[in-house]
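Q: For reference, the sequence and a predicted model appear below.
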Amino acid sequence: MVTVILKNSLFVLLLISTGFVWSQKKSDQLQAEQNKLEKKLSTTKSLLDKVKKGTESSLNELKLIENQVKNRELLVRNFDNQIRSAELTISSKSDQIKELQKRLVRLKEQYKKLLIYAYKHRNKSAKMMYIFSSSNYFEAVKRTAYLKRLSEIQQKQFKVILQNEKTIHKEINTIKQEKDHKKLLLEEKIVEKQQIEKDKTAKQLALEKLRKDENALMAELKEQERQKAELKRRIKLAIEKEIAEAEAKAKKEAEKRASLASKSSGSSSASKTTASSSTKEVTFTDTKENIALGKSFESNRGKLPWPVAKGSITENYGKNAHPTLPNVYTNNNGIDIGAPKNSQVRSVFDGEVTSVLNIPGAGKVVIIKHGAYRTVYSNLQESYVSVGDKVSSKQAIGSLLADEEGNLSTSHFEIHQVVEGTVQRINPTLWLAQ
């Protein structure tokens with residue numbers, strides 16, 4: 001019976017330590033999420049400070065304020081989750097402590113009985129009499145082993161009680177620390193809520209300023225859509241041209257090989273016919289190196305670095321509601337990232353520069369090949385690379401144009417995939433590290 005109690009006590013200790021590790025992992029995840037949100041808030045605040053130096057409100061300012069409000073709300077939600085997690089942990093540990101205390105009572109009662117027994121049989125001669133009164137030798141050996149085991153159990157019981165008490169005190173101290181941390185989170189939560197209200201007020205003021213000149217906004221929007229359409233067209237033509245040139249090169253090399261093969265076989269008419277028919281069947285296949293690079297690019301989905309070191313997304317991929325004009329939507333083939341004025345643009349992965357374009361309204365455009373994938377960087381005022389250059393991840397490839405207000409720059413970034421000769425656009429947000 002005593003042995004069973006010992007095993008159960010050790011099981012409880014294991015259960016507590018496992019629960020503690022699980023709750024710690026959950027806490028670490030929430031803390032990591034909090035750190036990311038606070039970093040985003042810091043970046044957006046820095047950009048907003050630059051924008052506000054201008055005399056007039058801008059769409060960039062409004063978009064950045066919206067990002068700030070959204071991230072602060074996410075941060076408040078994160079605080080709520082951390083508080084709930086702490087409360088659940090405290091509740092769970094309280095139950096575990098109660099269970100430990102019940103088991104301590106039982107262990108102490110058992111220990112008490114063992115002490116009474118030991119006291120009654122403390123006489124050394126009594127132990128000897130107990131052994132010598134055995135009916136045979138084997139029974140005497142068993143009684144000796146029993147007395148030895150009884151002594152060991154007494155010592156183990158004492159150690160288990162001490163260990164349980166130590167665990168309880170440690171858990172209580174941990175709970176107190178979590179309660180203190182919870183209070184700090186509550187205070188931070190109140191501050192964040194107040195800041196959200198200030199940001200929403202600032203957003204409303206910016207909105208009212210921009211709505212005063214709706215006609216100018218509509219004209220600006222139409223021009224932007226025209227520039228986007230031209231950018232889309234030029235990017236598509238550039239990638240298709242690159243694919244066509246690669247296919248032509250592959251076909252030419254295949255014809256050359258077929259011609260050499262026909263000459264080596266005696267230039268017979270039959271072999272020429274065979275060579276001619278084989279060149280017609282040539283289809284473009286990428287090199288092993290490029291195929292491997294494309295697979296490596298795929299494996300880094302969700303982990304790619306941003307095309308700028310610091311920035312905040314001001315327009316997402318696909319359909320976007322205009323921040324000031326009701327029932328007006330824009331369509332983005334990539335994402336727009338607000339960044340400090342004239343920021344450096346960098347390649348998000350190893351690759352080869354296949355195109356450097358100059359498009360009115362989009363500045364210079366760099367296209368980089370990563371196997372079957374292409375990344376596009378536009379709105380550059382200067383390009384540091386040329387067609388054919390090999391680039392590495394995070395290598396600077398150019399600098400951004402300044403926005404009209406002159407306080408920020410906007411990086412436009414796209415990802416495309418070539419599938420069986422056709423070009424397909426992909427949502428870059430799903431590929432960049434968050």
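A: Received, thanks.

Q: just checking, next helix/strand downstream of the helix or strand that residue 177 is a member of?
A: For residue 177, the host element (DSSP states H and E) is helix 137-211. Following helix 137-211 in sequence order, the next helix or strand is helix 214-264 (DSSP H and E).

Q: Just name whatever secondary elements that following helix is in contact with.
A: Counting contacts by 3 or more Cβ pairs under 8 Å, 6 or more residues apart in numbering; DSSP states H and E, helix 214-264 is packed against helix 269-280, strand 329-332, strand 351-359, strand 363-370, strand 373-383, strand 408-419, strand 422-426. Bear in mind the C-beta positions are built from the backbone N, C-alpha and C, glycine included.

Q: and the angle for it with strand 363-370?
A: Here helix 214-264 points in a direction 40 degrees away from that of strand 363-370 (axes from the mean of the first three to the mean of the last three Cα atoms, to 10 degrees).

Q: okay, and for the stretch 151-300 of the chain, where does confidence drop off?
A: Counting by pLDDT under 70, the stretch 151-300 of the chain shows low-confidence ranges at 151, 154, 157-158, 161, 207, 210-211, 213-214, 265-286.

Q: Apply 90 and report the result again.
A: 151-237, 239-294 (pLDDT under 90).

Q: okay, the nearest residue to residue 186 once chain neighbours are set aside: pLDDT?
A: Leaving aside its chain neighbours, residue 186 sits nearest to residue 83 (6.9 Å; criterion: Cβ to Cβ, 6 or more residues apart in numbering). Predicted confidence (pLDDT) for residue 83: 78.

Q: Can you pull the domain assignment for this protein?
A: Domains of the chain are assigned by automatic domain parsing as 2-211, 225-260+279-430.

Q: Turn the ones you listed into CSV, columns for mean neighbour count and distance to residue 219.
A: As requested, those are exported to CSV (neighbours: other Cβ atoms under 10 Å; distance: least, Cβ to Cβ, whole Å):
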stretch, mean neighbour count, distance to residue 219
domain 2-211, 15, 13
domain 225-260+279-430, 17, 11
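
Q: Would you double-check that residue 326 falls in a helix?
A: No. Counting by DSSP: H, G, I helix; E, B strand; the rest coil, residue 326 is located in no helix; its state is coil.

Q: Which strands or helices does the helix holding residue 177 pack on?
A: Against helix 137-211 (3+ Cβ pairs under 8 Å, 6+ apart) you get helix 2-51, helix 59-120, helix 124-132.

Q: between the longest one and helix 214-264, how many degrees?
A: When the same axes, to 10 degrees is applied, the directions of helix 59-120 and helix 214-264 differ by 80 degrees.

Q: Point out the other helices and strands that helix 59-120 packs with.
A: Short answer (3+ Cβ pairs under 8 Å, 6+ apart): helix 59-120 packs on helix 2-51, helix 137-211, strand 312-315, strand 335-340.

Q: what's the distance between that helix and the middle of its chain?
A: Here helix 59-120 shows a centroid-to-chain-centroid distance of 26 Å under the convention Cα atoms, centre = their mean, to the nearest Å.
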